[in-house]
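Q: what follows is a protein structure lacking sequence information:
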């Protein structure tokens with residue numbers, strides 16, 4: 001059984017993350033299947049190393065040679081904004097969907113990108129994963145002809161500047177900040193700055209040229225895109241939302257897979273979601289120390305400023321709900337359910 005016939009661009013190998021899971025290969029009797037996996041991130045990015053590559057390794061660990069992967073990383077067949085379309089059109093069978101870039105297709109799934117919802121990657125992905133078990137979030141994926149398998153979310157985003165440090169609410173006024181779109185635009189607007197929607201692949205050039213004077217970003221995304229080379233400062237205790245990728249299968253592809261392959265891929269997804277979130281949560285302190293050693297001003301907002309900033313961010317939730325409610329979408333219930341899942 002073959003699903004896709006594309007040349008393998010990047011080879012497979014057993015990663016340390018997969019080995020750490022402690023399971024050996026258990027060859028399946030299912031006929032070998034061939035699938036295409038694509039993403040748009042650098043090979044050194046956490047989405048690749050701890051996410052997609054780790055998932056493929058885990059599937060191989062569980063199935064032996066029952067699954068052959070044709071792997072197209074770094075935007076070789078689809079850039080970040082094209083990944084959902086590539087999945088729907090059958091160009092790829094599995095992709096990590098960057099939710100912030102497809103808010104027109106998956107608007108309710110943007111709930112986990114809102115500020116102040118979850119203090120860790122683990123809390124965010126656990127809550128979102130629960131939402132994908134059924135209800136409006138799962139229905140959006142079904143309508144998009146996609147089967148979600150696992151969630152990857154960065155720890156809460158921080159403010160990164162290439163100029164003067166942004167340490168107070170007043171410092172935001174009049175600034176142009178790079179945004180990934182979606183709810184991140186609402187966050188930047190609420191703080192008195194202007195969002196500039198710029199793909200992450202163009203972020204370095206935009207910051208270097210002064211098109212934007214800063215960005216809201218995960219600290220773990222700065223090095224892969226070389227933003228650490230030009231930034232001057234970053235906050236460490238803000239909660240400006242996050243960015244979420246949801247790894248999904250084309251539903252037609254998924255339905256053709258043998259059940260034992262499906263089960264292995266689901267298990268690999270659960271393992272990848274857990275290990276990636278733990279990795280990202282654990283690396284924050286090390287990144288802060290590394291950036292400080294490189295001369296960057298890594299600062300915590302003063303308590304009074306953090307309170308003022310969070311008060312402004314509170315309106316983002318109301319704005320997000322109103323905008324989607326006006327489109328006839330159950331945003332209020334989705335937000336309430338997500339808050340309950342995070343609290344639980």
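A: Nice, I can see it. If you're wondering where the values come from, they're calculated on a predicted model, not measured in any experiment.

Q: neighbours of residue 318, just the number please.
A: 12 (other Cβ atoms under 10 Å). Every C-beta, even on glycine, is put in place using the N, C-alpha and C of the backbone.

Q: which other residues reach the strand or helix carrying it?
A: Element membership of residue 318 [criterion: DSSP states H and E] is helix 303-325. With Cβ atoms under 8 Å, 6 or more residues apart in numbering as the test, helix 303-325 has contacts from 107-108, 110-111, 114-116, 167-169, 183, 186-187, 190-192, 237-241, 301, 331-332, 335.

Q: and stretch 116-136, by the same measure?
A: Residues contacting stretch 116-136 (Cβ under 8 Å, 6+ apart): 108-109, 111-112, 137-138, 141, 148, 150-156, 239, 242, 244, 246, 273-274, 276-278, 280-281, 310, 313-314, 317, 329-330, 333-334, 337-339, 341-342.

Q: helices of the stretch 101-250 of the chain, start to end?
A: Along the stretch 101-250 of the chain, counting by DSSP state H, counting those that start in this stretch, helices occupy 121-131, 136-143, 169-172, 183-190, 203-209.

Q: TSV for those, including mean pLDDT?
A: Formatted as TSV, these follow (pLDDT from 0 to 100):
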stretch	mean pLDDT
helix 121-131	97
helix 136-143	98
helix 169-172	98
helix 183-190	91
helix 203-209	96
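
Q: so which of these gets nearest residue 287?
A: Shortest distance between residue 287 and those, using Cβ to Cβ, is found for helix 121-131: 13.3 Å.

Q: need the buried ones from the contacts of stretch 116-136 selected in ChimeraX.
A: In ChimeraX, this line selects whichever of the contacts of stretch 116-136 come out buried by 16 or more other Cβ atoms under 10 Å:
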select :108,109,111,112,137,141,148,150,151,152,153,154,155,156,239,242,244,246,273,274,276,277,280,281,313,317,329,330,334,337,338,339,341,342
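
Q: please flag which of the contacts of stretch 116-136 sit within strands.
A: The members of the contacts of stretch 116-136 that map onto strands under DSSP state E are 148, 150, 151, 152, 153, 244, 246.

Q: list the contacts of the second one.
A: When the contact criterion is Cβ under 8 Å, 6+ apart, the partners of residue 150 are 55, 125, 129, 246, 247, 269, 270, 272, 273.

Q: let's see that with 10 Å instead.
A: 51, 55, 96, 125, 128-129, 132, 245-248, 265-266, 268-274, 276-277 (Cβ atoms under 10 Å, 6 or more residues apart in numbering).

Q: the residue lying closest to residue 50 once chain neighbours are set aside and residue 175, how far apart?
A: Of all residues not flanking residue 50 in the chain, residue 276 sits nearest, at 4.2 Å (Cβ to Cβ, 6 or more residues apart in numbering). Here the criterion is Cβ to Cβ, to the nearest Å. By it, residue 276 lies 32 Å from residue 175.

Q: wait, residue 169 touches residue 175, no?
A: No. Residue 169 is not in contact with residue 175 according to Cβ atoms under 10 Å; the separation is 11.4 Å.

Q: phi, psi of the nearest residue to residue 240 once chain neighbours are set aside?
A: Counting by Cβ to Cβ, 6+ apart, residue 157 is the residue found nearest to residue 240 once chain neighbours are left out, at 4.4 Å. Here is the backbone geometry of residue 157 (degrees, to the nearest 10): phi -70, psi 150.

Q: now do the same contact list for residue 157.
A: 113, 115, 180, 184, 187, 215-219, 221, 235, 238-243.

Q: need the pLDDT of residue 26.
A: Note for residue 26: predicted pLDDT of 54.

Q: and for residue 160?
A: 98.

Q: need the helix or strand of this structure with the lowest average pLDDT.
A: Within the chain, no helix or strand scores below helix 16-20, which has a mean of 37 by mean pLDDT, DSSP states H and E.

Q: which regions of this structure sit below the pLDDT cut-off?
A: 1-30 (pLDDT under 70).
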